[in-house]
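Student: would you be able to build a 3D model of this:
(2 chains)
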Amino acid sequence: MRLTCRLGPGGSVSVVLGLALALLAGPTLAHGVADKDAAFIQAHPGPQIAAFIYLGAKHMVTGYDHLLFLAGVIFFLRRLRDVALYATLFSLGHSLTLLTGVLARIQVDPFLVDAVIGLSVVWKALDNLGAFPALFGVQPDNRLVVAGFGLAHGFGLATKLQDLRLSADGLVENILAFNLGVELGQVLSLSLLVLLIAAWRATRAFRPAAVAANVLLMTAGLLLTGTQLAGYAFQGPA
Amino acid sequence: MDDPHPVRLSRAQLLAALAGALAVAMFVLFAAVIPAEFGRDPTGLGKLTGLDRLWAPREVPLKASGEAPFAHEYPTGFRTDVVEIPLKAVSGSPADFQIEYKVRLKKGATLIYQWEAVGAPHPDDLYVDFHGHTLAARGEEMTVATYRQANAPALRGALTAPFDGIHGWFFQNGALKPIVVRLKLAGFYELIPAGQPGNEGGVVANVPAGEARPGF
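Tutor: Presented below is the predicted three-dimensional model:
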């Protein structure tokens, strides 16, 4: 924020730019697993259960794209049972593509996967605003949609995991550990999101702010999508 | 299950929200993200906000190794130069006590060098980073090779350039008094005019240190 405010003519849009910078710890950074983690994996072949659990959880907790989508999914859910239902559907979707993606060595361009993930945020924000019945006259089944976007998020996870150039030694154990870590990270971040939104919902400001929050969510999703498409146009496919 | 859609906007409200979100996202994308992260500025907004200055080429380190023939022949002329670079004591603006001085080399061209820190009280007062890189156009990657990083009072040797580009030294004076770096060069290189990449400090070659940086 401080950075953008100093930049003269851009100062008036500093709020928006601040949002952009918060979303963009650098598109390349957001992409891969950190270099030091990759170096560790290279240096320690074979099963590394604890390390992969940690990496999976870290990826989920620090992956703002996943977090934005989850925030959208649970935004209007009040019962823990519903939260658990959608979280399970999302997990089923991404576990399936994560496991098959890595085992079958399916490489999808990370920019395109992340663009779809950005679109998933847009979709969910639109859905929260009741857009599909109003604009198209149909309400899609959100359980199917969430599971479907889970598949896309899983391809993202699979692509990032393959960046580590996993050795065949201990491959299955390591993927399962990574997947377990992703679920743990998801439980962790979901608990926090549910608590925060529940506390917010109890206030009188929630109702009017809910619309603004979902419009912001949609904006963030569009920006994520645009950034990844720009990355695809300018830096990929390698 | 609760009503998953307690908020229902009208068609017009939804279209306005979507248009607004799209406009803001596109503006931030073209005014900030694309200029700062990808080095392109199709709308000119990046220049207006100054955010295009945040872009830097992605650096691709080059591991210089491999077998090269021991004898080389070059189409370019042989030259020698003596460059005296004054550096102030370590305080105030970094531009006063550190500098980059590079020369242009074609791939495979050889540069023989010798430099010494004149007037430094301790042998480790001068930090040097001897490196080279390609000159990347906006949006391109930049190949970088690091040859030597050290605190040393003097070093001498030869470099055969691994790629077309600018190759040379970053010098940083760590002493509490001014010093002069005296650099002798010989080989198949070109000096870089003052102000251009590699000689932003505006160093003039083949003159005494007192005249080597006009206005310094």
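Student: the helix or strand hosting residue B:155 packs against which elements?
Tutor: According to DSSP states H and E, residue B:155 maps onto strand B:154-160. Other elements packing on strand B:154-160 under the criterion 3 or more C-beta pairs under 8 Å, 6 or more residues apart in numbering or on different chains; DSSP states H and E are strand B:110-118, strand B:126-133. The C-beta positions use only the backbone N, C-alpha and C, and glycine is treated the same way.
Student: I'd like the distance from the last one to the chain centre, please.
Tutor: The chain centre lies 11 Å from the centre of strand B:126-133; the measure is C-alpha atoms, centre = their mean, to the nearest Å.
Student: ok and that strand relative to strand B:154-160, angle-wise?
Tutor: Orientation check (axes from the mean of the first three to the mean of the last three C-alpha atoms, to 10 degrees): strand B:126-133 against strand B:154-160 gives 10 degrees.
Student: go on, the longest one?
Tutor: Here strand B:110-118 runs at 170 degrees with respect to strand B:154-160, directions being taken by the same axes, to 10 degrees.
Student: in strand B:110-118, what's buried?
Tutor: Across strand B:110-118, burial judged by 16 or more other C-beta atoms under 10 Å in any protein chain shown covers B:110, B:111, B:113, B:115, B:116, B:117.
Student: ok, the shortest one next?
Tutor: Buried residues in strand B:126-133, counting neighbours by 16+ other C-beta under 10 Å, are found at B:126, B:128, B:130, B:131, B:132, B:133.
Student: who are the packing partners of that strand?
Tutor: Short answer (3+ C-beta pairs under 8 Å, 6+ apart): strand B:126-133 packs on strand B:142-151, strand B:154-160, strand B:165-173.
Student: make it 10 Å
Tutor: Under the contact criterion of 3 or more C-beta pairs under 10 Å, 6 or more residues apart in numbering or on different chains; DSSP states H and E, strand B:126-133 touches strand B:59-61, strand B:98-105, strand B:110-118, strand B:142-151, strand B:154-160, strand B:165-173, strand B:179-187.
Student: now do the first one: everything it contacts.
Tutor: It refers to strand B:59-61. Applying C-beta atoms under 10 Å, 6 or more residues apart in numbering or on different chains, the external contacts of strand B:59-61 come out as B:131, B:133, B:134, B:136, B:141, B:142, B:143, B:144, B:145, B:146.
Student: circling back to that earlier point, and the strand holding residue B:155, how far out from the chain middle?
Tutor: 20 Å.
Student: helix or strand next in line after the helix or strand bottoming out on mean pLDDT in chain B, which one?
Tutor: Scoring the helices and strands of chain B by mean pLDDT, DSSP states H and E places strand B:59-61 at the bottom, with a mean of 79. As assigned by DSSP H and E, the chain's next helix or strand after strand B:59-61 is strand B:79-87.
Student: strands along chain A, start to end?
Tutor: Ranges of strands in chain A, per DSSP state E: none exist.
Student: do you know the pLDDT at residue B:67?
Tutor: pLDDT for residue B:67: 67.
Student: thinking again about what came up before, now the helices and strands packed on strand B:154-160 as TSV including mean pLDDT?
Tutor: Listed next are those as TSV, based on pLDDT from 0 to 100:
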stretch	mean pLDDT
strand B:110-118	96
strand B:126-133	94
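Student: quick check: which ranges of chain B have low pLDDT?
Tutor: Low-confidence segments of chain B, defined by pLDDT under 70, are located at B:1-2, B:4, B:63-68.
Student: okay, now the domains of it?
Tutor: Here chain B is described, according to automatic domain parsing, as comprising the domains B:11-54, B:79-212.
Student: for the lengthiest helix in chain B, packing partners?
Tutor: Under DSSP state H, the helix in chain B containing the largest number of residues is helix B:11-28. With contacts taken as 3+ C-beta pairs under 10 Å, 6+ apart, helix B:11-28 sits against helix A:14-23, helix A:110-128, helix A:131-136, helix A:206-235.
Student: looking at the ones you listed, which is buried most?
Tutor: helix A:110-128 (a mean of 24; mean count of other C-beta atoms under 10 Å in any protein chain shown).
Student: what packs against that helix?
Tutor: So helix A:110-128, by 3+ C-beta pairs under 10 Å, 6+ apart, packs with helix A:27-31, helix A:64-74, helix A:131-136, helix A:142-162, helix A:206-235, helix B:11-28.
Student: who touches the third one?
Tutor: Judged by C-beta under 10 Å, 6+ apart, the contacts made with helix A:131-136 from elsewhere in the structure are A:123, A:125-127, A:138-140, A:142, A:145, A:214, A:218, B:5, B:8-15, B:17-18.
Student: and the buried residues of strand B:110-118, which is closest to residue B:36?
Tutor: Distances from residue B:36 to the buried residues of strand B:110-118, taken as C-beta to C-beta, are shortest for residue B:111 (35.2 Å).
Student: OK, contacts around that closest one?
Tutor: Residue B:111 neighbours (C-beta under 10 Å, 6+ apart): B:103, B:105, B:132, B:157-161, B:167-168, B:185-189.
Student: try it again with 8 Å
Tutor: Residue B:111 sits next to B:103, B:105, B:158, B:159, B:160, B:161, B:167, B:185, B:186, B:187, B:188, B:189 when contact means C-beta atoms under 8 Å, 6 or more residues apart in numbering or on different chains.
Student: in the sheet, who's paired with the second one?
Tutor: The residues paired with residue B:105 through beta bridges, assigned by DSSP bridges, are residue B:165.
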